[in-house]
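Q: Just to be clear, the model below is a prediction. Sequence and coordinates:
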Amino acid sequence: MLFRALAIVLTSACLAAAQEQTEAGLSQDAAASRADAAIEEAAKATEQAVEAAEEAAVAAEKADAATADASTATKEAQAAVVAAEASGAVVENAEAIDWNGSWRSFWRGGQALLILKQEGSSVTGTYQPGDATVTGVVEGVVVRGTWSQAGDEGGFEFALAPDGQSFVGRSGNGEYWNGERLDAARVAAAGFGSNTPKAALVSLLSAANAAAAGDSFAELAIRRYLAFPETGEDLRSRNARVARLLRLLDLSTFRAIDLPETGEAGRATFELGPDGTDWTFPVEFIEADRDRWQIVVPPLETIERWEAAALEALAAEDFDDVAEARRATPRQTSRDFAAGTAAWSDGGAVLALATLDMSAIPEALRSTDGPLAAEYIRQIIDRVGYSIWQEVPDDPERRQPYVVYEHALGDIAIGRYPQDDGTARWLFTAESLEAAPGIFEAMQNLPLADGVAPTEPLTWAFKLRTELKENSPRLLKRPFLMENWQWIAIAGVLLVTPVLSWVLVRLGRIAATGLLRLGKAPQATRASMGAAFGWPARVFAAGAMITLLLREIELRQDVSAIGNGFAMLFMLLGGTLFIYRVVDTATVWLSQSAAKTQTSIDGIAVGLGGGLAKVAVLAGGIVLAAGVLGLPYEGVIAGLGIGGLAFAIASKDAVSNYIGAGILMSDRSFRKGDLIEGGGQKGIVEQVGMRSTRLRTPSGSVVVMPNAKLSDGNVSNHGKPPKDAPQPIDLTIGVSFETARAKLDAFVERLRGAFAAQPSAVAGASAALSEIGPSSLGIRLSGSFEAGADMAAARHKLLGDIVDLAKEMGVEFAVPMTKGQAVGPAVS
């Protein structure tokens, strides 16, 4: 009424305006024309107002009806909840008691798509396959009723779960009959239609492929695309025929574009067959309803005849042999890639990455560049368009690559890779992985193809790219090598890395030195460990942080190979030197600890073990660096072996010393601090290194002996002398051959007395003729001085007294005159 009143007012105003214009003296024709126009506009406004009023009235009636329905539904839901709770059922809320919708129902040995509609306490519905109907009555959360199918019927009883998303139940014969609610959007998106023979077969195979990948709803959708002209057959027999027909269809290879778009008199036929053979079989289509085509399932005898012919054409005993032979084909690779990316977080990553040829990617970068390459390829395939696996070749004898997608920037192809055992693998080629980033960048604005549902990105970087594309697309521009957001991320990390690395290294130094302090390590050891946390640790920390960043932002393969390579080499350099210093510090500490204990771990073992550990650290760093650079580690190890052999030949004396060190450690001929005699030398062992052993004489001099000389000769170990033990001295005095026997005997006797007369001499010295040399008679004088005696002064006085004695007795020394050693506790 309001709109009508408004229209009348407008009309009156227009008429008044027309009259005023006429009375104003305008020309009669012009005034009449304007008046007619105003009247026409007023009439239109009136008509629109009337229509709006009628629409408003209809909307108000619908709103009243909806309110009434809602009120009724609320009352029914409340009553259902009351009834359910009265019967002892558990219900989360009133909305949970709802049988409307599509359900995947399943029982022992079968399943069906169950579509139910609830009106009040009445439930009706159908399920496929089987062309069956159900009717029942709701009592709380339970519905009881009957089902009927092709002359057969029975009872059922279903009970909703508390959340209303599933039900459990049983049929009249006692078998279980359960179900789960299907998402409405999933049901609406199922299939690609069947308005043409082509669409029907593509939809059937799409559903069958999805069912083979584990999509339970897709398995239910298969039935809508099949026709069974025969009647009176039970469901189990039909399912068996369907399974065998689908197996033959799956063996076939064809182009969907070649399928018929229409038929004649409601029928069409198309010949299919396996790849690599000339054998085909006819697929018959029938138009069940207007714009709804189905594939005719032939009789069992026909399917059996086709199966025998297929096996003969494929030269196989059975279909298991066929399946095994076709595991290595482009089709299986495509299936594995799709299955792996679909279940990426549930273990599918391993399956998907196994379909990529990552030989051009350094092994150390494959954990990051591999997922990124898989993401690029998946994004490209999702935009290319939906395809069925039966379009991908599966001939195991095929030799040429299968091109998935051609582009001006390169191809996405699956190539054949022969193996050493005579088999072959089909992988997305290394060239495809290299070209994929550029292809994706060129086609990223193309929406996903029809039938491809949006999926969660495989990597964090792609998730971020998706958000940036929606909120800040400028950050996705690539001015040079990388996108803007990647440059910003790298700049931020380069600014933060020095501070973070300093903090981390500082904390590490405090923790390490603190532990050493708790272990009562000497100050020198703690200082050495603190030095290890110097620039090597900071280089390692900085390289590690930059490496992690570059992995997270997921650079393109060509940029990643350079950026990640440098960052990881930076990290390896710092890490290798840091570990080397830690090993050196630990070796010194253990050597000091071993010197204070009587355990079997002595300084020799610690020294040799520390040296070997340092060599292992350096070798490990070289091998890891080779892996970063893409060099095969087997070749690097072989190169180290050949280089070691060449070094051994060129430095055989040094190598023999290293071997001698190993022999000394394994035999444990002596320990640090032992008094030994060997290789023409006598002294206390101070250190056994990789090349030589260091002995110290009581005079403070140090004798360095090659390990090879000690290990090859005889070694006398006098044990570790106590701190208060006398200090022995041995002298060999050469006298002339012209010395008479009597004089010689008297001189020897007087030597004993001369030694005994020394201030610090220990009783028991001996002197006797010991050898007849080439130019002299050797007299050996052996004795000891008291512990703590100044051996240099004692030796000086003893030798002076011997010279005076010889002059007194007229004994002449031969040349060389004397040789001797004095051995005692090392002078620290």
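A: Now that the structure is in, tell me what you want to look at. It should be emphasised that the depicted structure is a prediction, and the values quoted were computed from it without experimental measurement.
Q: Go ahead and confirm K797 touches Q758.
A: Yes - in this structure, K797 is within contact of Q758 by CB atoms under 8 Å, at 6.4 Å. (C-beta placed from N, C-alpha, C; glycine too.)
Q: Compare neighbour counts for the two and give me the winner.
A: Taking neighbours as other CB atoms under 10 Å, K797 and Q758 compare with Q758 leading, 19 against 15.
Q: how near is that one to M809?
A: 19 Å (CB to CB, to the nearest Å).
Q: Helix or strand next in line after the top strand by length along the chain, which one?
A: Longest strand in the chain by number of residues (criterion: DSSP state E): strand 761-772. As assigned by DSSP states H and E, the chain's next helix or strand after strand 761-772 is strand 777-785.
Q: now for that following strand, which elements pack on it?
A: strand 727-735, helix 741-756, strand 761-772, helix 791-809, strand 813-822 (3 or more CB pairs under 8 Å, 6 or more residues apart in numbering; DSSP states H and E).
Q: what's the most buried one of these?
A: Compared across the helices and strands packed on strand 777-785, strand 727-735 shows the largest average neighbour count, a mean of 21 (mean count of other CB atoms under 10 Å).
Q: Summarise which helices and strands that strand is packed against.
A: helix 741-756, strand 777-785, helix 791-809, strand 813-822.
Q: quick one: the longest one to strand 761-772, angle?
A: Pointing back at helix 791-809 there. Interaxial angle of helix 791-809 relative to strand 761-772 (axes from the mean of the first three to the mean of the last three CA atoms, to 10 degrees): 60 degrees.
Q: and the direction of helix 791-809 versus that of strand 727-735, what angle?
A: Going by the same axes, to 10 degrees, helix 791-809 makes 30 degrees with strand 727-735.
Q: Can I get helix 791-809 in PDB, CA atoms only?
A: Listed next in PDB are the C-alpha coordinates belonging to helix 791-809 (Å, rounded to 0.1, in the frame of the first residue of the first chain):
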ATOM      1  CA  MET A 791     123.800 -34.200  37.900                       C
ATOM      2  CA  ALA A 792     125.500 -31.600  35.700                       C
ATOM      3  CA  ALA A 793     127.800 -30.600  38.600                       C
ATOM      4  CA  ALA A 794     128.400 -34.200  39.700                       C
ATOM      5  CA  ARG A 795     129.200 -35.300  36.100                       C
ATOM      6  CA  HIS A 796     131.600 -32.400  35.700                       C
ATOM      7  CA  LYS A 797     133.500 -33.300  38.900                       C
ATOM      8  CA  LEU A 798     133.600 -37.000  38.100                       C
ATOM      9  CA  LEU A 799     135.000 -36.500  34.600                       C
ATOM     10  CA  GLY A 800     137.600 -34.000  36.000                       C
ATOM     11  CA  ASP A 801     138.800 -36.600  38.600                       C
ATOM     12  CA  ILE A 802     139.000 -39.300  35.900                       C
ATOM     13  CA  VAL A 803     141.200 -37.000  33.700                       C
ATOM     14  CA  ASP A 804     143.500 -36.200  36.700                       C
ATOM     15  CA  LEU A 805     143.700 -40.000  37.600                       C
ATOM     16  CA  ALA A 806     144.700 -40.900  34.000                       C
ATOM     17  CA  LYS A 807     147.500 -38.200  34.000                       C
ATOM     18  CA  GLU A 808     148.700 -39.400  37.400                       C
ATOM     19  CA  MET A 809     148.900 -43.000  36.200                       C
END
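Q: E677: what secondary structure?
A: Classification of E677 using DSSP: H, G, I helix; E, B strand; the rest coil returns strand.
Q: May I have the residues that are in contact with it?
A: By CB atoms under 8 Å, 6 or more residues apart in numbering, the contact set of E677 is V715, S716, H718.
Q: what are the ranges of the strands in the stretch 501-650 of the chain?
A: Counting by DSSP state E, counting those that start in this stretch, one finds no strands in the stretch 501-650 of the chain.
Q: now do the stretch 101-250 of the chain
A: Ranges of strands in the stretch 101-250 of the chain, per DSSP E, counting those that start in this stretch, are 101-107, 110-119, 122-128, 132-139, 142-149, 152-160, 166-171, 177-181, 226-227.
Q: Would you reformat those as a markdown table and include mean pLDDT and distance to R241?
A: As requested, the strands of the stretch 101-250 of the chain are arranged in a markdown table below (pLDDT from 0 to 100; distance: least, CB to CB, whole Å):
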| stretch | mean pLDDT | distance to R241 |
| --- | --- | --- |
| strand 101-107 | 85 | 20 |
| strand 110-119 | 84 | 14 |
| strand 122-128 | 86 | 16 |
| strand 132-139 | 90 | 18 |
| strand 142-149 | 89 | 17 |
| strand 152-160 | 89 | 19 |
| strand 166-171 | 90 | 24 |
| strand 177-181 | 90 | 24 |
| strand 226-227 | 90 | 9 |
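Q: could you dump those strands to TSV with mean neighbour count and distance to D369?
A: Listed next are the strands of the stretch 101-250 of the chain as TSV, based on neighbours: other CB atoms under 10 Å; distance: least, CB to CB, whole Å:
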stretch	mean neighbour count	distance to D369
strand 101-107	19	40
strand 110-119	18	42
strand 122-128	18	47
strand 132-139	17	53
strand 142-149	18	55
strand 152-160	17	50
strand 166-171	17	43
strand 177-181	20	40
strand 226-227	17	45
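Q: can you redo the ones you listed as a markdown table with distance to W487?
A: Below are the strands of the stretch 101-250 of the chain laid out as a markdown table (distance: least, CB to CB, whole Å):
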| stretch | distance to W487 |
| --- | --- |
| strand 101-107 | 49 |
| strand 110-119 | 52 |
| strand 122-128 | 56 |
| strand 132-139 | 63 |
| strand 142-149 | 62 |
| strand 152-160 | 56 |
| strand 166-171 | 51 |
| strand 177-181 | 48 |
| strand 226-227 | 56 |
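Q: about what we covered before: what are the contacting residues of the longest strand of the chain?
A: 726, 732, 744, 748-749, 751-752, 755-756, 777-786.
Q: Just give me the neighbour total for the nearest residue to F254 once chain neighbours are set aside.
A: Using CB to CB, 6 or more residues apart in numbering and skipping the chain neighbours, the partner closest in space to F254 is L272 (5.7 Å). For L272, the count of nearby residues is 18 (other CB under 10 Å).
Q: No more questions from me, cheers.
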